[in-house]
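K.L.:
Here is the input, now give the coordinates:
(one chain, ligands or ions: 1)
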Amino acid sequence: MPFSFSTKTKNELARVLPGKHCCLTAELAALIGTAGRFNFDNPEDPILLLQTENAAVARKVYRLFKALYKINPQLKVLRQNRLKKHALYRLKVSVRELPDILRGEHDQVLQPAYRNLVRRRCCQKAFLRGTFLATGSVSNPEKDYHLELLVRDELKAGLVCTIMEEFHLHPKVIKRKGELMIYLKNSNEIGDFLRLTGASRAILDFENTRVVRQVKNGVNRVVNCETANLNKSVDTGVRQAEDIIFLKQRLELDKLPRALRETAALRLENPQASLKELGEALDLSKSGVNHRLRRLAELAEKLREGSERGAAP
Ligand SMILES: [Zn+2]
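P.N.:
Numbering: from 1, shown residues only. Next up is the predicted model:
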């Protein structure tokens, strides 16, 4: 099976090794902060577990630990269930071996030092590369312009977005399944991200495809003169979220097809988001999202009517 554009990009970025100590540390910090989990179950010997589906990424993490701290992580290859094609690589490190700075993200005392890790330009690039390697993906430009990074919490999202903005990128953030998805939709900006993280081969493929697409689009460009009434759309979003809560309370939500459940969950987490933003997160057209939300609203309406009638004497 040929690799996806995303996997190819990751494989390439996994092979980029910055020359400077500062950048190596920043990249490892990003990988740990995004793909790592600290486990303090055994207070005598807390551990750090880092998981990835990408063998090249696992190799890189291993090399970084070794080069920076002479730590040899324990590596385990886990077979996932049959539905998942890829193996899972799990690296385990004893927290006692780790320098404090790498645990600094959520530690009030260590946080300023942690932020210092990404003060320099060179390190910021390395940090973005590490984050992308940990949880990022990028769509094949033939199909869609979409690059995303998944992070666990607002603190991390804030840090990643600030760095991206330093490079004149304009990421958006949306909640998805309890995580935060930071994403880019602009083809120029996706190109810039690939360039600044060092994916030179991927950027060539990306730019070639982009030129072809631009020529095609130029032929049938339509003037998009849609004017969105923002207040109205926010009201609608809140009403839709209320309908979804109602369906949830009536235990109707779980009976619905996956596509509707997914849309419902996303709307519930983001009542203020526009249809366009929801569509971007779901990889769906605006009208596709609208259609699904309308079906949910109709269902809620029907149930409400039914219960009113049922309550009448
Ligand atoms: Zn650096």
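
K.L.:
Look at residue 252 and report its pLDDT.
P.N.:
Listed pLDDT for residue 252 reads 83.

K.L.:
cool, and the one 3 residues further on?
P.N.:
pLDDT, the model's per-residue confidence, is 88 for residue 255.

K.L.:
tell me, how many neighbours does it end up with?
P.N.:
Using other CB atoms under 10 Å, residue 255 is surrounded by 11 other residues. From N, CA and C alone the C-beta is placed, and that goes for glycine too.

K.L.:
quick one, helices of this structure?
P.N.:
With DSSP state H as the criterion, the chain has helices at 5-15, 21-35, 55-69, 111-116, 121-135, 154-166, 187-197, 200-219, 230-249, 258-269, 275-282, 286-311.

K.L.:
And the second one, what's buried?
P.N.:
Of all the residues in helix 21-35, those buried under the rule 16 or more other CB atoms under 10 Å are 22-35.

K.L.:
got it, and the longest one?
P.N.:
Along helix 286-311, the positions that meet the burial threshold by neighbour count (16+ other CB under 10 Å) are 288-289, 292-293, 295-297, 299-300.

K.L.:
can you give me the mean pLDDT across that helix?
P.N.:
84.

K.L.:
Surely residue 247 and residue 255 touch.
P.N.:
No: the pair residue 247 and residue 255 fails to qualify as a contact (CB atoms under 8 Å) at a distance of 9.4 Å.

K.L.:
ok, how many other residues are close to the closest residue to residue 301 other than its chain neighbours?
P.N.:
Computed as CB to CB, 6 or more residues apart in numbering, the closest residue to residue 301 that is not its neighbour in sequence is residue 243, at 7.8 Å. Residue 243 has 22 neighbouring residues, counting by other CB under 10 Å.

K.L.:
show me the contacts for residue 243.
P.N.:
Contacts for residue 243 (CB atoms under 8 Å, 6 or more residues apart in numbering) come out as 296-297, 300-301.

K.L.:
Return the member of the residues you listed nearest to the ion.
P.N.:
residue 296 (48.2 Å; CB to the ion).

K.L.:
The closest one: what's it in contact with?
P.N.:
Residue 296 sits next to 240, 243-244, 247, 260, 263-264, 267 when contact means CB under 8 Å, 6+ apart.
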